[in-house]
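Trainee: sequence unknown, structure follows:
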């Protein structure tokens, strides 16, 4: 009978240990799992997965004749028929990967394409049944342009325009591929006003230079670009090579520098107190996140322990109760 009591206690303890351990482990997992972050509303319309066939630019022309006529004379329209591309296409051994950017609806599996050139559907996607009631999907930002213009968009990502989220279409008309102003300077001064007040910008403007002459300067090419990849100056940064391009006779010489008068732009003063305040706020945020993480872990442990005690106790009571019933039945059978 003593062995049965020991057996009874062992089974009850084992049941309690199992349920307590499972509950405690669940609490630890809950504590270590970061809380779910709610999804933010996208700032631009996402590109949808489109289906259907490529109808071709003539279909779009039916409702958009003006845009079609403008597009016809662009490099997009002539991306495949261009003599330079056709020459390189033959010299490079007709590499089919070129067709990803120079045709519309290119299928890498079959090495086939729907239409020559960069047509409407290259950017807007295949024609949707039910259009115009069903809108054509489009992501109007640099991600769309980077599909083919990777070098340019890589430069743009390193610019202050990218930091300010000034996308390609803010300066470029995608249909005509021309600036959204009569001149580059007129385009730039839409945002960068009163730049002529500074000595540097004022003297260059009086000399007839456009903003792009300095801020989008690239070294002159003596040969055709390889695979169409060339720098385009979309970092908008002015380097020493920009100055040397025009002032090569006076840069790094012993000539007497002519004293010029004009407005000198003061170096912007860095507000140390503001930076320290930002650092302090960020450190405080980090401390709060760490504290929340610790509280979450301890809360999970406490909840797991409480649930484990309750479920483990119930399980132990059920097991012990079951064993007692079995023992009583065995004792009655022995007496009989």
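Mentor: Yep, it's here. Note that the coordinates shown come from a computational prediction; the quantities given were computed from them, not determined experimentally. Numbering: from 1, shown residues only.
Trainee: pLDDT weak spots in the stretch 51-200 of the chain?
Mentor: Where the stretch 51-200 of the chain drops to pLDDT under 70, the residues are 51-52, 93-94.
Trainee: what are the ranges of the helices in it?
Mentor: 57-61, 65-72, 83-91, 99-102, 120-124, 142-145, 150-157, 160-163, 184-188, 199-206 (DSSP state H, counting those that start in this stretch).
Trainee: now render those helices as TSV, adding distance to residue 272 and mean neighbour count.
Mentor: Quick note: C-beta positions are derived from backbone N, CA and C, even for glycine. What follows is those, written out as TSV (distance: least, C-beta to C-beta, whole Å; neighbours: other C-beta atoms under 10 Å):
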stretch	distance to residue 272	mean neighbour count
helix 57-61	57	16
helix 65-72	53	14
helix 83-91	55	12
helix 99-102	49	19
helix 120-124	47	21
helix 142-145	35	18
helix 150-157	30	17
helix 160-163	23	14
helix 184-188	33	17
helix 199-206	28	15
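Trainee: wait, which of the ones you listed is closest to residue 308?
Mentor: Checking the helices of the stretch 51-200 of the chain against residue 308 by C-beta to C-beta gives helix 142-145 as the closest, at 49.8 Å.
Trainee: give me the contacts around the closest one.
Mentor: 47, 123, 138, 152-153, 156-157, 162, 167-168 (C-beta atoms under 8 Å, 6 or more residues apart in numbering).
Trainee: rerun that using 6 Å as the cut-off
Mentor: Helix 142-145 has contacts (C-beta atoms under 6 Å, 6 or more residues apart in numbering) with 153, 167-168.
Trainee: returning to that earlier point: take the helices of the stretch 51-200 of the chain and lay them out in JSON lines including distance to residue 230.
Mentor: Formatted as JSON lines, these follow (distance: least, C-beta to C-beta, whole Å):
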{"stretch": "helix 57-61", "distance to residue 230": "27"}
{"stretch": "helix 65-72", "distance to residue 230": "23"}
{"stretch": "helix 83-91", "distance to residue 230": "12"}
{"stretch": "helix 99-102", "distance to residue 230": "14"}
{"stretch": "helix 120-124", "distance to residue 230": "21"}
{"stretch": "helix 142-145", "distance to residue 230": "15"}
{"stretch": "helix 150-157", "distance to residue 230": "7"}
{"stretch": "helix 160-163", "distance to residue 230": "19"}
{"stretch": "helix 184-188", "distance to residue 230": "18"}
{"stretch": "helix 199-206", "distance to residue 230": "25"}
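Trainee: can you tell which of those is closest to residue 130?
Mentor: Of all the helices of the stretch 51-200 of the chain, helix 57-61 comes closest under C-beta to C-beta, at 13.6 Å.
Trainee: for this protein, give the helix that spans the most residues.
Mentor: As assigned by DSSP state H, the longest helix anywhere in the chain is helix 272-335.
Trainee: what's the average pLDDT for that one?
Mentor: Throughout helix 272-335, pLDDT has a mean value of 72.
Trainee: just list what that helix packs against, helices and strands only.
Mentor: Judged by 3 or more C-beta pairs under 6 Å, 6 or more residues apart in numbering; DSSP states H and E, the packing partners of helix 272-335 are helix 2-32.
Trainee: any figure for the gap between residue 198 and residue 97?
Mentor: 46 Å (C-beta to C-beta, to the nearest Å).
Trainee: same drill for those two, tell me which one is more crowded.
Mentor: Comparing residue 198 with residue 97 by other C-beta atoms under 10 Å, the one with more neighbours is residue 198, at 15 against 11.
Trainee: tell me the phi and psi of the more buried one?
Mentor: Main-chain torsions, residue 198, degrees, to the nearest 10: phi -80, psi 150.
Trainee: relative to residue 294, how far out is it?
Mentor: Relative to residue 294, and taking C-beta to C-beta, residue 198 is found at 53 Å.
Trainee: again, but for residue 174
Mentor: Taken as C-beta to C-beta, the span from residue 174 to residue 294 is 51 Å.
Trainee: more crowded one of the two?
Mentor: Using other C-beta under 10 Å as the criterion, residue 174 and residue 294 rank with residue 174 on top: 17 against 11.
Trainee: that one - nearest residue in space that isn't next to it in sequence?
Mentor: residue 123 (6.9 Å; C-beta to C-beta, 6 or more residues apart in numbering).
Trainee: next one: residue 202
Mentor: Nearest one to residue 202, counting by C-beta to C-beta, 6+ apart, is residue 196 at 4.7 Å.
Trainee: again with residue 152
Mentor: Residue 152's closest residue in space is residue 232 (C-beta to C-beta, 6+ apart), at 4.8 Å.
Trainee: this completes my enquiry, with thanks.
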